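Chemist: Below are the sequence and a predicted model for it; my questions follow.
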Amino acid sequence: MKNAKRRWTAVLLAVTVGLLALCAAAVRLVDPFFHYHTPDPEGEVWFDQRAQGAGLLRSQEYETILLGSSLAANYRPFWFDVFYETSTVKVTFPNGGFREFGQALDYANTCQDVKRVIFGLDPNLLSRSPAEEPDQLPGYLYDGNPWNDGQYLLNKDALLRSAYTVLKKVQGETQTLQDAFVWDGNVSFNREEALGGYDRPERREAAKPADWFRENYVVNLREVTGWLEKYPDTEFIFYFSPYSILFWDKADRLGETAAVFAMLDEVTETLLGYGNAELQFFMDDLEVITNLDNYADHIHVAGRVTYQMSKAMNTGEYRLTAESRRQRLDALREFVVNYDYEGIFAPGEGE
């Protein structure tokens with residue numbers, strides 16, 4: 001009886017070890033997160049920006065890293081290769097947290113000699129409570145420790161992603177490296193889509209105090225200035241995306257306009273105090289922000305606009321300086337405070 005139990009235990013153990021070995025071999029062979037191999041620039045299956053971002057940082061050669069949330073996803077890395085005469089890798093995290101971005105930045109600096117960081121500094125992320133910040137990066141991928149690779153090789157999700165990758169490749173459903181995580185071809189950018197994707201809030205009777213977001217953005221800004229201090233020889237280009245006029249309608253109805261400008265004022269003043277920080281400010285491009293045909297919702301802008309933004313960054317046209325900062329913020333405030341928001345929703349408007 002004891003011998004039979006031992007045999008069954010041995011068989012069960014052998015089967016378990018065999019299945020684990022098959023799982024590890026399949027994940028290692030397909031390598032859906034590019035932990036062991038370089039992605040094919042002509043066609044790969046892209047599905048997880050956080051997990052595959054580590055593989056991009058690990059496998060590519062670059063001097064410049066483009067980093068940001070979903071608002072940065074519709075940039076193509078080769079645009080910056082051309083406009084800055086550099087080599088660029090793009091890593092984006094939807095609704096990303098500053099600690100996540102910092103972790104990716106640290107990992108990038110262990111992989112390559114990073115000379116330039118182009119980062120989308122979204123006001124929505126700055127004003128968000130740090131307690132609500134996502135923390136979803138698979139940390140075992142963002143380090144150089146080979147001893148924790150078991151979390152990848154013996155991972156149910158990685159195994160399922162391996163099967164998914166093989167299936168999509170067999171079906172020919174791949175994207176080039178330059179189009180990794182680009183989504184502007186999957187949605188329409190026009191006035192109808194922008195208004196349809198905008199949930200207009202009820203108007204608040206009293207305006208919120210100017211320091212409404214300060215507790216949040218001070219903590220978030222501290223993360224950003226920490227990067228500047230940690231990597232003093234790296235050039236940081238922070239760009240502020242052109243949120244549409246619907247964003248300002250929302251701020252107006254929620255009584256947050258003064259709080260948003262107080263945040264922009266302190267954040268820009270602080271960052272301009274660092275010699276390795278440059279600010280590109282697209283929020284006051286009135287021609288862009290008032291044309292809802294550029295948007296899919298109240299903040300996400302079309303790829304044709306992101307191309308123009310990337311082209312303009314190195315020209316200095318939109319660069320915010322200590323000398324121009326006050327005038328430009330005041331002019332934008334004057335514009336949005338006095339804008340006719342009801343006209344946006346008037347019958348026949350925009351037809």
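Modeler: Looks like it arrived, so ask away. Numbers count the residues shown, from 1 in each chain.

Chemist: Show me what the strand or helix carrying residue 58 is packed up against.
Modeler: Residue 58 belongs to helix 49-59 when assigned by DSSP states H and E. On a contact count with 3 or more Cβ pairs under 8 Å, 6 or more residues apart in numbering; DSSP states H and E, helix 49-59 meets strand 88-92, helix 98-111. (Each C-beta comes from the backbone N, C-alpha and C, glycine too.)

Chemist: same thing but 10 Å
Modeler: The contact analysis (3 or more Cβ pairs under 10 Å, 6 or more residues apart in numbering; DSSP states H and E) places helix 49-59 against strand 64-68, strand 88-92, helix 98-111, helix 156-170.

Chemist: Wasn't residue 284 part of a helix?
Modeler: No. Assessed with DSSP: H, G, I helix; E, B strand; the rest coil, residue 284 is coil; it does not lie in a helix.

Chemist: Now do the closest residue to residue 86 other than its chain neighbours against residue 236, distance only.
Modeler: Excluding its sequence neighbours, the residue lying closest to residue 86 (Cβ to Cβ, 6 or more residues apart in numbering) is residue 64, at 4.5 Å. Note on residue 64: its distance to residue 236, by Cβ to Cβ, to the nearest Å, is 11 Å.

Chemist: Identify the contacts common to these two.
Modeler: Common neighbours of residue 64 and residue 236, using Cβ atoms under 10 Å, 6 or more residues apart in numbering, are 116-118.

Chemist: for those, which one is nearest residue 214?
Modeler: Residue 214 lies nearest to residue 117 out of the shared contacts of residue 64 and residue 236, by Cβ to Cβ, at 25.4 Å.

Chemist: Let me know the secondary structure of the residue lying closest to the closest one once chain neighbours are set aside.
Modeler: Spatial nearest neighbour of residue 117, excluding adjacent residues (Cβ to Cβ, 6+ apart): residue 236 at 5.0 Å. For residue 236, the assignment made with three-state DSSP gives strand.

Chemist: pretty sure residue 236 contacts residue 276?
Modeler: Yes. Residue 236 is within contact range of residue 276, at 5.8 Å (criterion: Cβ atoms under 10 Å).

Chemist: so what's in contact with those two at the same time?
Modeler: Common contacts of residue 236 and residue 276 (Cβ under 10 Å, 6+ apart): 116-117, 227-228.

Chemist: Which members of those occur in helices, if any?
Modeler: 227-228 (DSSP state H).
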